[in-house]
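Student: no sequence on this one, just coordinates:
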């Protein structure tokens, strides 16, 4: 008898899918919250969302479910099978272990603390006062240490690793340290050389007054052209762009437009569309099961960054879009040669704010956060000294001075929300995206010609085949190895950046 | 010890509010479904909604809840108290009786049948083919008869009355028959006299090309001016306008615009804003409890119709809005005298389609449906003969000939959705609205002067005080009696229409 024929199997699958259904309903309420819910509705909305997530958690830790999972797991534990049902049970068993390690009390305590944390952070940032944020950040760090300690029980993980594990299963700090250091050194050098070059893009080309309505039409056209399926998704606007999936055929991407900067809306939309196409490439029938779920945040980010950067900032893409800019915006942008537009899309300039950083300096922002949060959780850096440590690193790595905490340690929401271990997945995404794209270039001989013709389907198909369709039945290491024939290496991103930026900046 | 101090009371209140929370989450998903959800998402969305409504039903019929309600009810059953807690328990006990009379099987069967019913109706209407709709309508009528029989058990209601009871508690057919007949006769006469008058409004005044964007701004301004609170609500667009409440501070109204007819968007918005202001006037802390719930659909409709008609089609309102039309649309509408605009807002013309009907003929459409559906449910008319019966009545009452079933018996979705007993609440709403407005005129001496100055707050305050704040702690009869000092009578609507229309049409 196969595991799939075992009479617990259907119950277990259904239970997992029902939990996902409740989460997806909560996701829909949160999407609505961020797209124009009336201001006064916030408190009750929080109650609706937490009720639904609570019901989902009940389903995921329910005694009958536990018992069925354990029985099935005992049958497959020793098997090294690639059978989908076997993998499904192993993954769901892993989820259950995690879900049951934290008491409901601890989960609630964390939820309450991080809601307060985000409020305090918001206020502290407005007041440019890190002192104001310190007390609660200390509480959050302490609680996350406790969470990490609980989660690492029965594993060989370090405390911080057990936190990363939630976002990037199987990531280890030793490996990340090495990857990031091998990336940081050549990046710092490249950025320095670009900084002293006399060749610069025209800084005003994208930064001119461009009607939002026109930008909106352009973004929608681009998202549709690269492959985001509007029959199974939507594009909306919000203050902090994101992508969320409200059901197997309902992916929502959200962007924002700056009336005086083309880059914000265009690259933001391509980024979210990359996330969205990944979600749309998962098996809809397996929604809520490992096959129908994303692999990790690193893999997710690889898809968004690849479309935003490897595609969106390529010469081929600008060759394709240049005539469309003329049609949309008239001579303002239309009279520019492709080479100028392409150069403007690749402006490299160290800056203080992560979310506004270019493709080369972005990872330096992440590595700083990774190093600092690792120390915070492991206990080798105190919240007391965080601001100074932050500013020192920005000076060392990016050569810039942080004048105010609101442009420094107070700029990101993550820590106030308890999201320790989340930051490294951004750089993992950049590394994986570059490595995948290099393989796609080899696999699709005329990829750049395709992109220049506006034919984006081959790259999407290749991504569907190598990444999307596997869901989380493989971990990210396996996906990378399987798709690229190599283990993850910073060389791909470094070479990609050098090959593009050195000629542009004449260095 | 008061009932409120009984230790079951808090549990019962919380349980009722939690059930309402689950329903409100489902309402949010349905709102999203009707405001741009991706097409392919429909099937899963139905599953999300039915799961949440199923969980709410479980809460409302849960054994512990039942037991607590029964214990509390036994303590208050004989009391004739106006204490809020006593009333709350009596109402919740009544809900429980209803909720438990229908088996889960029957509820599911009805849900499935009416989903199919709406699909069949949609197709039959497109094909203009009543024959296609007959078989499933027969099934629906039969099942609703069964539902009615179950619901009337242990009561003195007739079968059809037990169905109306879901929308308009305490309505009795003998009373409705009499009300409607006393309304129908003078209405038919008034409409006939208007029909032969030579004085007619300019039919093209509102029916000209008016940019949707401008109409949208106007509608929002009007909704805000009359008192819809955008801090606790939203105005959106959809194909079939409605109002829904997603939480105690989250009321959503939806309208639609016709680029070549001002009336559709403007009166549609005022109608939905009237519903919305009622919802916003309920006690937010009692959301999900009788005090925080609407009284009946008749009372709900009285609020929408009063703002749409008694206010929106008054000379005072057009005095206020005329200069705004000039600012918004320029000379197209601005150059018109108030008297012309006011007359155009009161165009009376018998027509085939209920949702496009004017204020005078609208009730004739309803009375026909009421008479027919009552006979269908009581068994004195068969689905076989429905189309002919419909056409005969339209000829008799409105003097017009139905050429095609799609403009006749197939025009409304209600019966296909199993909503028997819903139609009479529309006319009850018109009667109640007129009666309430007449009382408001007396209570607020200078009401018309207020309206002409754009001061809508006194009417809203009066409505809050006499209607909204009571929720469903009083039934509709009690609210009307309390607010107007009179039992419900068609005289108010008839006098209102005569006093307005006779001078306009010179009859």
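Tutor: That came through, no problem. The shown structure was predicted, so the numbers you read here are calculated from the model rather than taken from an experiment.

Student: quick check: residue A:352 touching residue A:394?
Tutor: Yes: at 7.2 Å, residue A:352 counts as touching residue A:394 under the criterion of CB atoms under 8 Å. All C-beta spots, glycine's among them, are computed from the backbone N, C-alpha and C.

Student: count of neighbours near residue A:166?
Tutor: Number of residues near residue A:166 (other CB atoms under 10 Å in any protein chain shown) recorded here: 16.

Student: same thing with residue A:390?
Tutor: Neighbours of residue A:390 under the rule other CB under 10 Å: 20.

Student: residue A:469 now?
Tutor: By other CB under 10 Å, neighbour count at residue A:469 equals 13.

Student: that one: what's it in contact with?
Tutor: Applying CB atoms under 8 Å, 6 or more residues apart in numbering or on different chains to residue A:469 gives the contacts A:281-283.

Student: do you know the pLDDT at the closest residue to residue A:257 other than its chain neighbours?
Tutor: Leaving aside its sequence neighbours, residue A:257 sits nearest to residue A:265 (CB to CB, 6 or more residues apart in numbering or on different chains; 3.9 Å). Per-residue pLDDT puts residue A:265 at 97.

Student: wait, is residue A:52 part of a helix?
Tutor: Yes: per DSSP: H, G, I helix; E, B strand; the rest coil, residue A:52 lies within a helix segment.

Student: so who does it touch?
Tutor: Contacts for residue A:52 were tallied using CB under 8 Å, 6+ apart; they are A:22-23, A:25-26, A:29, B:25.

Student: go on, residue A:83?
Tutor: A:2-3.

Student: could you break chain A into its assigned domains?
Tutor: A:1-101, A:212-344+A:442-479 (automatic domain parsing).

Student: can you give me the first-to-last residue distance of the last one?
Tutor: The first residue of domain A:212-344+A:442-479 is 39 Å away from its last residue (CA to CA, to the nearest Å).

Student: quick one: buried residues of the strand or helix carrying the residue nearest to residue A:257?
Tutor: Secondary structure from DSSP states H and E places residue A:265 in helix A:262-281. Along helix A:262-281, these residues count as buried under the neighbour rule (16 or more other CB atoms under 10 Å in any protein chain shown): A:262-281.

Student: can you check stretch A:141-157 too?
Tutor: Under 16+ other CB under 10 Å, the buried positions of stretch A:141-157 are A:141, A:143-145, A:147-148, A:151-152, A:157.

Student: same list (the residues you listed) but as JSON lines, adding pLDDT.
Tutor: Shown next, in JSON lines, are the buried residues of stretch A:141-157 (pLDDT from 0 to 100):
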{"residue": "A:141", "pLDDT": "98"}
{"residue": "A:143", "pLDDT": "97"}
{"residue": "A:144", "pLDDT": "97"}
{"residue": "A:145", "pLDDT": "98"}
{"residue": "A:147", "pLDDT": "96"}
{"residue": "A:148", "pLDDT": "97"}
{"residue": "A:151", "pLDDT": "96"}
{"residue": "A:152", "pLDDT": "95"}
{"residue": "A:157", "pLDDT": "95"}
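
Student: got the residues of chain A near chain B?
Tutor: Chain A comes close to chain B at residues A:18, A:21-22, A:24-25, A:28-29, A:32, A:36-41, A:43-45, A:47-48, A:51-52, A:55, A:230-234, A:246-251, A:287, as judged by CB under 8 Å from any CB of the partner chain.

Student: what is the helix holding residue A:265 packed up against?
Tutor: With contacts defined as 3 or more CB pairs under 8 Å, 6 or more residues apart in numbering or on different chains; DSSP states H and E, helix A:262-281 has these neighbours: helix A:212-226, strand A:233-237, strand A:242-245, strand A:251-255, helix A:297-305, helix A:457-466.

Student: for the residue positioned nearest the centre of chain A, report the pLDDT, please.
Tutor: Centroid check for chain A by CA atoms, centre = their mean gives residue A:301 as the closest residue, at 4.0 Å. If you check residue A:301, the pLDDT there is 98.
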